[in-house]
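Enquirer: my questions concern the predicted model and sequence given below.
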Amino acid sequence: MNNTLHTINASRLSERIHALAEIGKIEETGVNRLALSKKYKEGMDLVRKWMDEAGLQTRYDNFGNLIGRIEGKNENAPAVMLGSHIDSQPYGGRFDGTIGVLGGLEAVQTMMEQGIDPDVPVEVMSFCDEEGHRFGVGLFGSRGILGKLEQGELERTDAEGVTRRQALIEFGADPDKLEESEYNPDDLKAYVEMHIEQGPNLEAADVPVGIVSGIAGPRWLTVELTGDSGHAGTVPMGKRRDPLVGASYIIAAFNSLVQSEKDAPSVGTVGDLEVFPGGRSIIPERVTFTIDLRDSDQERRNTYEEALMNIIERTASEHGLEYTIHDDGGTTPKDASPEIMDIMKSESSEMGIEPPVLMSGAFHDASNMAEACDMGMIFVRCRDGISHNPAEYSTDADIAVGTELLYRTMLRLVKE
Ligand SMILES: [Zn+2]
């Protein structure tokens, strides 16, 4: 689509994205801006400066989040929030998260420049520590404002032994007053996040943006198979109870299982496997492997999990193995609001584009926000599906299309 048709200021947005990428820059195109680090603070201060200049009321909260707000005609109405995060992985890219924060700011700034007074308040949120690399657990800011931190989370340490509590204090936050920064879900009308896809689907479909239908919930299990160890040269094939052979059948069957419904977004991964005792000439005694099963449809995920249990049971019995399955938890899938998806679809067609609807296989702050209010997400195409890497890349043109859609979606949501 023609850039001149955008209402948003695409070149201002691009300049900001690339100026922010200079803070914590690694190599030519990468970013290292770990949550609550000095570079993080510097980046957040720059975003705050842009928010101030645009005329938003800005503040840091006690979770290390940055909030820019404009009031609506009805000050007491629940707010529409646009946001994402600007913290990164240690070897990260410049688009993950940042386009959602700066795109949100661009949308609000454009609305103000157009002289449009929203009926309800609008907030741009830059969430603290979405990535979770530094302290081992992520989505900190979005869980924090909803009162969902876990016991002992402030005492978790980074690689240098610095606790999250210390890091928050260094940032300027007061970890003893976290409740003051919590939101009441009644004060939130909707949360809309624009993010790079971090997958290859939009590129394959040759479209700039997509509308997210929901965020997959992962199911995590650990499977242990036990057989008989023995000498690789002396135990006849017919006399073996080899757990690695059993595991191989299970892993292959699991891989087929999650592909059994054509066009469904289900994904299944065995990402870790341990063989004990492990040696070229030893038949293994014990094999442990992990299961990561994700789907946007809870029912289908349950069906697959049940089928996987049957596969494990049958394979173990065929190979004479004992097995245990450890429940490592997971989260439920989160649906995007059908109303917001409809708004995005109708605004897209006004823009002359037809974004596909797709699931998010990765977590986002939107996963938490969906529990508090209506949630919507826009995905922007990224090259080769690469992210969490300096090679991560989205074009200015695609980001502009996504931001225009974000802007139009926001305009519809700020009307009472
Ligand atoms: Zn992200």
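Expert: Cool, the structure landed.
Enquirer: low-confidence regions, this protein specifically.
Expert: Residues of the chain meeting the criterion pLDDT under 70: 1-5.
Enquirer: how about the residues of it by the ion?
Expert: Residues of the chain found near the ion (Cβ under 5 Å from the ion) are 96-97. For every residue, glycine as well, the C-beta is placed using N, CA and C.
Enquirer: the residue lying farthest from the centre of the chain sits in which helix or strand?
Expert: Most distant residue from the mean C-alpha position of the chain: residue 234, 50.5 Å away (Cα atoms, centre = their mean). Assigned by DSSP states H and E, residue 234 belongs to no helix or strand.
Enquirer: give the contact list for it.
Expert: Counting by Cβ atoms under 8 Å, 6 or more residues apart in numbering, residue 234 makes contact with nothing.
Enquirer: which parts of the stretch 301-416 of the chain are helices?
Expert: Taking DSSP state H, counting those that start in this stretch as the test, the helices found in the stretch 301-416 of the chain are 338-351, 365-369, 396-413.
Enquirer: which parts of this structure are helices?
Expert: Ranges of helices in the chain, per DSSP state H, are 10-20, 38-54, 98-113, 140-145, 164-171, 201-205, 243-257, 298-318, 338-351, 365-369, 396-413.
Enquirer: list the helices and strands the last one packs on?
Expert: Read that as helix 396-413. Helix 396-413 is packed against helix 10-20, strand 79-85, helix 98-113, strand 188-196, strand 209-215, helix 338-351, strand 374-380, with contacts defined by 3 or more Cβ pairs under 8 Å, 6 or more residues apart in numbering; DSSP states H and E.
Enquirer: now do the second one
Expert: In this structure, helix 38-54 makes packing contacts with helix 10-20, strand 57-60, strand 66-70, helix 98-113, strand 122-127, judged by 3+ Cβ pairs under 8 Å, 6+ apart.
Enquirer: dump the helices of the stretch 301-416 of the chain into TSV; add mean neighbour count as well.
Expert: TSV is the format used below for those (neighbours: other Cβ atoms under 10 Å):
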stretch	mean neighbour count
helix 338-351	17
helix 365-369	27
helix 396-413	24
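Enquirer: tell me which of the helices of the chain sits nearest to residue 329.
Expert: Of all the helices of the chain, helix 298-318 sits nearest to residue 329, with 12.7 Å by Cβ to Cβ.
Enquirer: domain ranges for this protein, per the record?
Expert: As given by automatic domain parsing, the domain ranges for the chain are 3-215+333-413, 217-330.
Enquirer: who's in contact with residue 332?
Expert: 217, 298.
Enquirer: at 10 Å instead, please
Expert: Shown in contact with residue 332 (Cβ atoms under 10 Å, 6 or more residues apart in numbering): 215-219, 298, 301, 367, 371.
Enquirer: which of the helices and strands packed on helix 396-413 sits most buried?
Expert: strand 79-85 (a mean of 28; mean count of other Cβ atoms under 10 Å).
Enquirer: list the helices and strands that one packs on?
Expert: strand 66-70, helix 98-113, strand 122-127, helix 140-145, strand 188-196, helix 365-369, strand 374-380, helix 396-413 (3 or more Cβ pairs under 10 Å, 6 or more residues apart in numbering; DSSP states H and E).
Enquirer: tell me what angle the last one forms with strand 374-380.
Expert: Yep, that's helix 396-413 we're talking about. 160 degrees (axes from the mean of the first three to the mean of the last three Cα atoms, to 10 degrees).
Enquirer: give me the distance between helix 396-413 and the centre of its chain.
Expert: From the chain centre to the centre of helix 396-413 is a distance of 19 Å (Cα atoms, centre = their mean, to the nearest Å).
Enquirer: can I get it in CSV? Just the C-alpha atoms.
Expert: Output of helix 396-413 as CSV, limited to C-alpha atoms (Å, rounded to 0.1, in the frame of the first residue of the first chain):
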residue,chain,number,x,y,z
ASP,A,396,9.9,0.5,7.9
ALA,A,397,7.1,0.0,5.4
ASP,A,398,5.7,-3.0,7.1
ILE,A,399,6.0,-1.4,10.6
ALA,A,400,4.1,1.6,9.2
VAL,A,401,1.3,-0.5,7.9
GLY,A,402,1.0,-2.2,11.3
THR,A,403,1.1,1.2,13.1
GLU,A,404,-1.6,2.6,10.9
LEU,A,405,-3.8,-0.4,11.7
LEU,A,406,-3.0,0.1,15.4
TYR,A,407,-3.9,3.8,15.1
ARG,A,408,-7.2,3.1,13.4
THR,A,409,-8.0,0.3,15.9
MET,A,410,-7.3,2.7,18.8
LEU,A,411,-9.6,5.4,17.3
ARG,A,412,-12.5,2.9,17.3
LEU,A,413,-11.8,1.8,20.8
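Enquirer: please report how far the closest residue to residue 203 other than its chain neighbours lies from residue 80.
Expert: If the residues on either side of it in the chain are set aside, residue 203 comes closest to residue 381, at 5.4 Å by Cβ to Cβ, 6 or more residues apart in numbering. Per Cβ to Cβ, to the nearest Å, residue 381 is found 25 Å from residue 80.
Enquirer: same check, this time on residue 129
Expert: 23 Å.
Enquirer: residue 141 too?
Expert: For residue 141 relative to residue 80 (Cβ to Cβ), the value is 18 Å.
Enquirer: can you check residue 44 too?
Expert: 22 Å.
Enquirer: can you pull up the bridge partners for the residue nearest to residue 327 when sequence neighbours are not counted?
Expert: Leaving aside its chain neighbours, residue 327 sits nearest to residue 221 (6.4 Å; criterion: Cβ to Cβ, 6+ apart). In this entry, residue 221 is beta-bridged to residue 291, residue 327, by DSSP bridges.
Enquirer: next one: the one 4 residues further on
Expert: Here residue 225 sits in beta bridges with residue 287, residue 323, going by DSSP bridges.
Enquirer: can you name the residues that contact it?
Expert: Contacts of residue 225 (Cβ under 10 Å, 6+ apart): 241-247, 250, 284-289, 312, 315-316, 319, 321-324.
Enquirer: from these, keep the buried residues only.
Expert: 241-247, 250, 284-289, 312, 315-316, 319, 321, 323 (16 or more other Cβ atoms under 10 Å).
Enquirer: residue in the stretch 301-416 of the chain nearest to the ion?
Expert: Residue of the stretch 301-416 of the chain nearest the ion, by Cβ to the ion: residue 364 (6.1 Å).
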